[in-house]
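>>> I need the structure of the sequence given here:
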Amino acid sequence: MTQERIQTQYRLGGPFANQAELAQAIALAIEAHKRDFFPLLERLVDEGNPGVHLSQEHPPRVLGIELDQSGIQGLAQLGYESNFFEGCLIVDKYDQHQIDLPFCLEGDQLTFDIELPIAWNFNN
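Here you go, the predicted model:
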């Protein structure tokens, strides 16, 4: 079993007058590229289950952005829905999820570097 990582980077533009403007720019970057987060979030719901998909009707949304005092690191709080319960025979019921994704900033470069859950092999 090996640990995998997904790294995504986005350019924010800037400069920003304060942390509130920076947080808003981060939220807008996530919203603009939310499709990039689908594979990551699906794997976080249930690693190894290719049947898990996120809701297309209610795609991932930014619930909040937290920045540390330096404005160099923080957490993006995302909310999303998946069809995880369909595997439990509860059809047409979407499960609500929330996650905090850590990020760092280098200049105007926003970087998410996420460790994925280990893919378990129950046959081994």
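
>>> mean confidence for the longest strand along the chain?
Assignment by DSSP state E gives strand 95-106 as the longest strand of the chain. The average pLDDT for strand 95-106 rounds to 87.

>>> pull out the buried positions in it.
Going by neighbour count (16 or more other Cβ atoms under 10 Å), the buried part of strand 95-106 is Asp95, His97, Ile99, Leu101, Phe103, Leu105. Where C-beta positions appear, they are placed from N, C-alpha and C, glycine not excepted.

>>> from those, pick the one nearest Ala76.
Leu101 (4.8 Å; Cβ to Cβ).

>>> and the nearest residue to the closest one once chain neighbours are set aside, how far from Glu31?
Nearest residue to Leu101 in three dimensions, chain neighbours excluded: Ala76, at 4.8 Å (Cβ to Cβ, 6 or more residues apart in numbering). To Glu31, Ala76 is 11 Å away according to Cβ to Cβ, to the nearest Å.

>>> cool, thanks, talk later.
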